[in-house]
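Chemist: Return atomic coordinates for the entry below.
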Amino acid sequence: MVRANDIKEACRKVVCIGRNYADHISELNNTRPKQPFFFLKPPTSILCAGTDAAKGASILRPRGVNCHYEVELGLIIGQQVRDLHPEDTEGAIGAIGGYLLSIDMTARNVQEEAKRKGLPWDIAKGFDTFLPISSPLMRNVSKFRDLDPHNLHLSLSINGQTKQSDSTNLMLFRIPRILSDISRVMQLRRGDIVLTGTPKGVGPVVSGDRMTAELRNGDANGEKLTELEVGVKDREGPYEFKET
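Modeler: Predicted coordinates:
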């Protein structure tokens, strides 16, 4: 049995697709991309939060940071991918070793300052605990082998109130194109994680909040495949966000 901790240990990089759902682009007043664009999160941001043993796990909110949640479908790369053709659906799906549910946490005020000043987003995305993940759904397990990653339902609630709820069928760029564009720049290796973007409904969390995310097969009433629950608390330590 593969555990979330095994996935974290095997991960060399986390590649995140930005602006891949039209309504999310609109809610942040961003420009729709003409092609997939991506950024990186460090593996040290991973927080294994999808098991009973991990209950009580929390996002650590740094001082001065406005934390936003973004629920996403994650792909666990199962074999090396390089220069994949954008229409090679069989090759793309075959390269996926499994799936996971994730919450891409963003320090929104840090990111907004970086955008204004033309600076990298690394800090905004890279804090420790800023990537809670569920237990993995490995494709070598028969019940997950034939999952259609473009027909899954993502949802996230805060303190019992639903904030995000949409289908992965709404992705602007589908997985073969995503993996193709990434692999033409940098090869994907076994154990890497690719996040496929977040739907509308992103927003802030504060210390004391609890987030619950679910991944279902098909629509919102389909079989629950996995879930994760994570809290939010203030981070101790010397870091405090200040204008660059």
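Chemist: Could you give the number of residues near Phe39?
Modeler: Phe39: 16 surrounding residues under other CB atoms under 10 Å. C-betas here are computed from N, CA, C, even on glycine.
Chemist: before we move on, what about the one 10 residues further on?
Modeler: Residues contacting Ala49 under the criterion other CB under 10 Å number 28.
Chemist: my read: it touches Thr226, true?
Modeler: No: Ala49 is beyond contact range of Thr226, at 11.1 Å (criterion: CB atoms under 8 Å).
Chemist: Mind listing the shared neighbours of these two?
Modeler: Ser134 (CB atoms under 8 Å, 6 or more residues apart in numbering).
Chemist: The closest residue to Arg63 other than its chain neighbours: what's it in contact with?
Modeler: The shortest distance from Arg63 to any non-neighbouring residue, by CB to CB, 6 or more residues apart in numbering, is to Glu240 (4.1 Å). Counting by CB under 8 Å, 6+ apart, Glu240 touches 62-64.
Chemist: Likewise for Tyr99?
Modeler: The contact partners of Tyr99, taken as CB under 8 Å, 6+ apart, are 73-76, 136-137, 139, 144, 147, 149, 152, 215, 225.
Chemist: Produce a PyMOL select command limited to the buried residues of these.
Modeler: Buried members of these, defined by 16 or more other CB atoms under 10 Å, are picked up in PyMOL with:
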select buried, resi 73+74+75+76+136+137+139+144+147+149+152+215+225
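Chemist: Strands - which of the contacts of Tyr99 land there?
Modeler: When DSSP state E defines the strands, the subset of those inside them is 73-76, 137, 152, 215, 225.
Chemist: Let me have those residues in JSON lines, extended by pLDDT and distance to Arg108.
Modeler: Shown next, in JSON lines, are the ones in strands among the contacts of Tyr99 (pLDDT from 0 to 100; distance: CB to CB, whole Å):
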{"residue": "Leu73", "pLDDT": "98", "distance to Arg108": "21"}
{"residue": "Gly74", "pLDDT": "98", "distance to Arg108": "21"}
{"residue": "Leu75", "pLDDT": "98", "distance to Arg108": "25"}
{"residue": "Ile76", "pLDDT": "98", "distance to Arg108": "27"}
{"residue": "Leu137", "pLDDT": "97", "distance to Arg108": "29"}
{"residue": "Leu152", "pLDDT": "98", "distance to Arg108": "26"}
{"residue": "Leu215", "pLDDT": "98", "distance to Arg108": "24"}
{"residue": "Leu225", "pLDDT": "98", "distance to Arg108": "29"}
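Chemist: could those go into TSV alongside distance to Lys115?
Modeler: Below are the ones in strands among the contacts of Tyr99 laid out as TSV (distance: CB to CB, whole Å):
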residue	distance to Lys115
Leu73	25
Gly74	24
Leu75	26
Ile76	30
Leu137	34
Leu152	30
Leu215	30
Leu225	34
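Chemist: now, among the residues you listed, which is nearest to His24?
Modeler: Closest to His24 out of the ones in strands among the contacts of Tyr99 is Leu73 (13.5 Å), distances taken as CB to CB.
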